[in-house]
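Enquirer: no letters, just coordinates:
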């Protein structure tokens, strides 16, 4: 669903994580996106070259780069979100309200157990 927008699923995940956690370090972003720090460095280079993210030195530690979405990255992420929302609606359309709530709670618990740092997990 994100490939037509020029992203891989892993890139979409990283952009989504950046939306929730402004100014994350490479290590934080890698952990929350389920990739190695080395893979994240490569991915961030690609996303930066596309103008979707920008990196700047951390004010409290000059060797650490903080990554943030650019306005272009936010716009692309919003278009991808629309596609993902349609897919999720189709996937869960036969679930009752209670079943959907239980499903979402279970998914959040699973993500929390993997240590991704999802808020409210």
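Expert: That came through, no problem. Keep in mind it's a predicted model, so treat the numbers as computed, not measured. Numbers count the residues shown, from 1 in each chain.
Enquirer: check the offset of stretch 13-31 from the chain's centre.
Expert: 6 Å (Cα atoms, centre = their mean, to the nearest Å).
Enquirer: actually stretch 32-40, not the one I typed
Expert: So, by Cα atoms, centre = their mean, the centroid of stretch 32-40 is 11 Å from its chain's centroid.
Enquirer: and the residue of the chain positioned farthest from its centre, how far is that from residue 102?
Expert: The C-alpha centroid of the chain is most remote from residue 96, which lies 27.4 Å away (Cα atoms, centre = their mean). According to Cβ to Cβ, to the nearest Å, residue 96 and residue 102 sit 9 Å apart. In short, each C-beta sits where N, CA and C put it, glycine included.
Enquirer: same question for residue 71.
Expert: Distance of residue 71 to residue 102, given as Cβ to Cβ: 37 Å.
Enquirer: elements contacting the longest strand along the chain?
Expert: Ranked by residue count, the top strand of the chain under DSSP state E comes out as strand 61-69. Applying 3 or more Cβ pairs under 8 Å, 6 or more residues apart in numbering; DSSP states H and E, we find strand 61-69 packed against helix 9-20, strand 24-25, helix 26-33, strand 53-58.
Enquirer: got the contact list for the third one?
Expert: Same thing as helix 26-33. 10, 13-14, 17-18, 21, 24, 36-37, 39-41, 44, 64-65, 67, 115-118 (Cβ atoms under 8 Å, 6 or more residues apart in numbering).
Enquirer: could you check how many residues crowd around residue 17?
Expert: Applying other Cβ atoms under 10 Å, we find 21 residues neighbouring residue 17.
Enquirer: what residue ranges in the protein score low on pLDDT?
Expert: 62, 115-121 (pLDDT under 70).
Enquirer: quick revisit: give me the more crowded residue out of residue 71 and residue 102.
Expert: Using other Cβ under 10 Å as the criterion, residue 71 and residue 102 rank with residue 102 on top: 12 against 9.
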